[in-house]
Every structure is written in C-alpha cells, then in structure tokens.
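*Asks:* Sharing a model that was predicted from the sequence below.
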Amino acid sequence: MTRRLEGRVALVTGASRGLGRSAAIALAKEGAHIIAMARTEGGLTELDDEIKAVGGSATLVPVDIKDFPAIDRLGAAIFERWKKLDILIGNAGVLGKLTPVSHVDQKVWDEVMAVNVTANYRLIRSMDPLLRQSDAGRAVFVTSGLAHKCWAYWGPYSISKAALEAMVKTYAAEIGTTHVRANCFSPGATRTDMRAKAMPGEDPMSLPHPDEVASQMIAMCEPTFNDNGGVWKYDSKGLFKQF
C-alpha cells in the first residue's frame, strides 16, 4: 500500500510527548522521515523506538526550542543532508500561568512569548529556504481556540496564539506564489499534560487522545493540500476550516 508521505522529510517540534509525539508517529507511518526536536533526550529516545516500531525512521534533535541559534544550526544541518524540508510542524508550546494580565510575572510572559511566538518566527526564518526547495513545502503551526475566545486569566497563552496566527497568515501571504503552503491547526481540547494542568478537575478520558487528533494533521502535510493561510480545526467527524 502506498504511503501518503513516502520519502518526505518532516521537522516536528515538541516531539517527545503529547500532540507532537503523536504527529511524529502519524507522519512516520505515512512514510516521512522525522526530524524530532524536543528538550528531553529520554522522551526522544522513546519516540525513536515507537517510530521504528511502525516502520519509520527518525533523526533526534535534543534542543530547547528557546535556543534560537540552534534553530539556525539545525536549518544548516538539514540543508547539508537533505537540501530541502518538505514538512514543518511547529507544535512546541507552553501554557504559562493562569492569572490576571496585571499579575503576570515578566519571566512567565517572556517564556510564553519566546516558545509560542519567537521560536516559530525563528523556525520560519531558518526553514523557509528549505521549504522552498521542496516541490510542495507544507508548514503547519499548532494554535488554539483561545486565540479568539480570550478567556479571563489566560492572557499570555491567548495573546501568544493570536500573534502566532497573525504571523502565519502574514507568512502565507508572502509565499502565495511559491510551492509552499502555511496554515494553523487548532486541536481543541485534547488529552495532554498541558490540558490537565489547565483543567485539573476535568476527566481526561472525556477528551480525544492525541493520536486521534494528530491523524487529522496528515492531510495538511500532503502535497495536494493547497489551502494557504487558514486555521483548520480538529473535529471527530473530520478536519474542517475554521477561519
């Protein structure tokens, strides 16, 4: 059976757990070679074993997403080995602290913006030339409904996701005449550690597993997916365009 992403190269950030882990495995099942980026070596090693178990292959990159020069070095290394990048999944993210905006500590604010916004800008800056070398470069960034709902006490997270969406839409407008496409994916409430931290009283078994959610991201990574600058949302009935 032909796999949908056979021979393609995919970079996944925040790949050691949660939605990133599930996305990496789903892409590997479809034939993509995974460049898995995360802070924890142990988590990456476990991911490597899981990818091998589904017949895939991976290159492990144990790097903190806030190490911006390392992102540039990774771009150079990808060019040296593959000369291109077919798929970029900007998944790494942090919640920050749920508190009134007026009470947000500067360190918390800086970390949320660094991980959720600035790191993705650096990824775009470093990986754009590689995506352009692909016959159909696809970039997918994980957003949240909170970018639009703006609930009380979720300030840094909501603001960072709104900024991410604006950045991706701007980038999409700039690459419209190329073979590259950039979109956002909104997973909704998913059974992850971040969700459990934000909603400690919620029954996690009432939420979809990250494997189920990540499976819908695959379509956005295929060469035939031509939408650009959209926000696509997971739904139990299938992927749909939200904005």
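*Replies:* Here it is on my side, so go on.

*Asks:* Tell me how far I124 lies from M217.
*Replies:* Per C-beta to C-beta, to the nearest Å, I124 is found 18 Å from M217. Where C-beta positions appear, they are placed from N, C-alpha and C, glycine not excepted.

*Asks:* Between these two, which is the more surrounded one?
*Replies:* More neighbours surround M217 than the other of I124 and M217, with 25 against 22 (other C-beta atoms under 10 Å).

*Asks:* count of neighbours near G176?
*Replies:* 11.

*Asks:* T118 now?
*Replies:* T118 has 17 nearby residues by other C-beta under 10 Å.

*Asks:* Equivalent analysis for the one 5 residues further on, please.
*Replies:* Burial of L123 is recorded as 24 neighbouring residues (other C-beta under 10 Å).

*Asks:* is it true that it touches L85?
*Replies:* No - counting by C-beta atoms under 8 Å, L123 does not reach L85; the two are 10.1 Å apart.

*Asks:* Next, show the common contact partners of the two.
*Replies:* Shared contacts of L123 and L85, defined by C-beta atoms under 8 Å, 6 or more residues apart in numbering, comprise L11.

*Asks:* Could you check the pLDDT of P204?
*Replies:* Looking at P204, its pLDDT is 85.

*Asks:* Contact partners for it?
*Replies:* P204 neighbours (C-beta under 8 Å, 6+ apart): R191, R195, A196.

*Asks:* can we see that at 6 Å?
*Replies:* Shown in contact with P204 (C-beta atoms under 6 Å, 6 or more residues apart in numbering): R191.

*Asks:* Quick one: mean pLDDT over stretch 139-151.
*Replies:* 96.

*Asks:* Check the model's average confidence along the biggest helix by length in the chain for me.
*Replies:* The single longest helix within the chain, with elements called by DSSP state H, is helix 155-174. Averaging pLDDT along helix 155-174 yields 98.

*Asks:* And the helix or strand immediately after it in the chain, how far out from the chain middle?
*Replies:* For helix 155-174, the following helix or strand on the C-terminal side (DSSP states H and E) is strand 181-186. Using C-alpha atoms, centre = their mean, to the nearest Å, the distance from the centre of strand 181-186 to the centre of the chain it belongs to is 9 Å.

*Asks:* and strand 181-186 with helix 155-174, angle?
*Replies:* 160 degrees (axes from the mean of the first three to the mean of the last three C-alpha atoms, to 10 degrees).

*Asks:* hmm, who's touching the next helix or strand after strand 181-186?
*Replies:* Of the helices and strands lying after strand 181-186 in sequence (DSSP H and E), the nearest is helix 193-198. Outside helix 193-198, the residues that touch it by C-beta under 6 Å, 6+ apart are L95.

*Asks:* Helix 193-198: what's the following helix or strand?
*Replies:* Following helix 193-198 toward the C-terminus (DSSP H and E): helix 210-214.

*Asks:* and that following helix, which residues are buried?
*Replies:* Under the neighbour-count criterion of 16 or more other C-beta atoms under 10 Å, helix 210-214 has P210, E212, V213, A214 buried.

*Asks:* How far off centre is it?
*Replies:* For helix 210-214, the distance to the chain centre is 13 Å (C-alpha atoms, centre = their mean).
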